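Visitor: Make a model of this:
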Amino acid sequence: MEKRFTIAIIHRNGFDRLKATLDSVINASSTTDEIIIVDNASTDDSISAILKIYPDITTICNSCNTGYGHAANQAIDKGLGKYFLICNNDITIPKDALDQFEDVFTSDPKIGMVSGQQTNLNGDIVRTSSKAPSLFSEFDGIGRLDHSKDPKDTTEVGILRGACLAVRKLAVNEVGPYDEDFFFYFEDTEWCIRMAQFNWKVLITPYIKIPHIGGSSSNEFYSESRIEFYRSRMLFWKKIYPKYLVILLYTWNIPKLILDGIFYSLATALTLGLNKRLKNKLLDRVFVLTWLLVGQPKKWGLPGKC
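Guide: This is a model prediction of the structure:
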């Protein structure tokens with residue numbers, strides 16, 4: 001029997017985060033909705049602990065970390081919803097959010113994907129949308145300088161951050177699900193672009209506020225997550241741009257990392273190493289540059305991958 005929403009929570013470690021997200025989803029949903037947790041090989045007991053509290057929750061447990069897109073696709077394959085809500089395990093769904101998302105979808109049959117406005121836990125706006133990437137935007141964000149803030153009204157956009165995406169099933173059937181070539185990062189960017197290529201609208205509606213902790217995996221494994229970012233970024237280039245532009249971007253990337261490394265080395269020295277953000281930026285550049293120069297080993301990156 002068809003459901004209204006299939007809410008998919010993509011999870012790896014962290015009982016408290018997962019329970020808070022699940023509690024908010026249960027509070028926002030009704031009997032016309034279904035909830036699926038996809039666990040990407042958690043190394044803690046968070047899933048067993050959740051099932052003691054909510055024994056009827058549907059779970060899909062992977063034996064290794066298959067990546068965000070693959071996990072989301074597992075829920076899409078299993079789900080019976082007319083719409084999908086694909087969520088991180090560190091967000092809060094407001095009580096009326098599903099009704100509001102449904103209202104947006106029913107207002108225009110060509111709306112394929114919608115996100116609310118992400119905020120931090122203090123309620124401050126976190127940028128959730130941007131223009132579609134271009135060659136200019138790949139060079140130090142030049143192409144995005146005129147679009148530094150999210151719209152203040154429901155607006156069609158190029159790209160959405162994927163922490164909480166509502167997607168129409170008919171759009172997924174036509175466009176296809178997440179591209180599983182992306183392990184972590186850029187899978188949402190590529191999906192948004194594909195939606196637009198098939199003439200499905202991608203919207204942000206700032207009237208739905210989605211609190212998001214953010215950075216759970218990337219904070220714990222900062223340098224490793226930056227490897228995944230650059231790996232996915234270069235894969236994205238190959239999929240989107242002509243070969244000569246990919247070569248240009250590759251060629252530019254190494255000297256840019258070197259220049260950035262010099263800058264952050266000086267900045268770290270001037271602050272006597274006391275600024276954690278500057279130190280992380282320096283380590284990021286050194287780690288990624290090393291990874292590039294030694295041939296981009298597949299084993300480098302986040303742990304637990306399949």
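Visitor: Mind telling me what element the residue nearest to L302 when sequence neighbours are not counted is part of?
Guide: Residue nearest to L302 in three dimensions, not counting chain neighbours: E224, with 5.0 Å by Cβ to Cβ, 6 or more residues apart in numbering. For glycine as for every other residue, the C-beta is placed from the backbone atoms N, C-alpha and C. Take DSSP states H and E as the rule and E224 turns out to sit in helix 222-240.
Visitor: What residues sit buried inside stretch 207-225?
Guide: Going by neighbour count (16 or more other Cβ atoms under 10 Å), the buried part of stretch 207-225 is I208, I210, P211, H212, I213, G214, S217, S218, S223, E224, S225.
Visitor: which residues does the residue nearest to L302 contact?
Guide: When contacts are counted by Cβ atoms under 8 Å, 6 or more residues apart in numbering, E224 is found next to W300, G301, L302, P303.
Visitor: Skipping adjacent residues, who's closest to S129 in space?
Guide: The shortest distance from S129 to any residue other than its chain neighbours is 4.1 Å, reached at V157 (Cβ to Cβ, 6+ apart).
Visitor: For the one you found, the count of nearby residues, please.
Guide: Residue crowding around V157 was assessed by other Cβ atoms under 10 Å; the count is 21.
Visitor: How about L245?
Guide: The criterion is other Cβ under 10 Å. On that basis, L245 has 13 neighbouring residues.
Visitor: Backbone dihedrals for it, please?
Guide: phi -70, psi -30 (degrees, to the nearest 10).
Visitor: same deal with I210?
Guide: As for I210, its main-chain torsions (degrees, to the nearest 10) stand at phi -120, psi 100.
Visitor: For it, give the beta-bridge partners.
Guide: Applying DSSP bridges to I210 gives these bridge partners: Q118.
Visitor: again, but for H11
Guide: Beta-bridge partners recorded for H11 (DSSP bridges): D39.
Visitor: so what pLDDT did it get?
Guide: You'll see H11 listed with a pLDDT of 97.
Visitor: thinking it is in contact with V38, fair?
Guide: Yes: when contacts are counted by Cβ atoms under 8 Å, H11 is listed as touching V38 (6.7 Å).
Visitor: where along this structure do the strands fall?
Guide: Along the chain, the segments classed as strands by DSSP state E run 3-11, 34-40, 58-62, 81-87, 111-119, 129-130, 155-156, 159-160, 164-168, 201-211.
Visitor: Export the ones you listed to TSV and append columns for distance to V175.
Guide: Supplementary listing: these in TSV, determined by distance: least, Cβ to Cβ, whole Å:
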stretch	distance to V175
strand 3-11	17
strand 34-40	20
strand 58-62	22
strand 81-87	12
strand 111-119	7
strand 129-130	19
strand 155-156	16
strand 159-160	14
strand 164-168	9
strand 201-211	11
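Visitor: Any idea which of these has the lowest pLDDT on average?
Guide: Comparing mean pLDDT over the strands of the chain, the weakest stretch is strand 129-130, at a mean of 92.
Visitor: other SSEs contacting that strand?
Guide: Where contact means 3 or more Cβ pairs under 8 Å, 6 or more residues apart in numbering; DSSP states H and E, strand 129-130 is packed against strand 159-160.
Visitor: what about the stretch 1-150 of the chain, any weak spots by pLDDT?
Guide: For the stretch 1-150 of the chain, the stretches with pLDDT under 70 are 139-148.
Visitor: Next one: the residue nearest to L302 from Y230, what distance?
Guide: Taken as Cβ to Cβ, to the nearest Å, the spacing of E224 relative to Y230 amounts to 11 Å.
Visitor: Phi, psi for the residue nearest the centre of the chain please.
Guide: Nearest to the geometric centre of the chain sits G162, at 3.5 Å (Cα atoms, centre = their mean). With angles defined as degrees, to the nearest 10, G162 sits at phi -90, psi 20.
Visitor: List the residues that contact it.
Guide: With Cβ under 8 Å, 6+ apart as the criterion, the residues that contact G162 are Y68, I86, E187, D188, W191.
Visitor: Only whichever of those residues are buried, select them in ChimeraX.
Guide: Provided next is the ChimeraX selection string for whichever of the contacts of G162 are buried by 16+ other Cβ under 10 Å:
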select :68,86,187,188,191
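Visitor: Of the contacts of G162, which is the nearest to I258?
Guide: The shortest gap between I258 and any of the contacts of G162 belongs to E187, at 28.6 Å (Cβ to Cβ).
Visitor: these two touch, right, that closest one and N73?
Guide: No: using Cβ under 8 Å, E187 is not in contact with N73; the gap is 9.9 Å.
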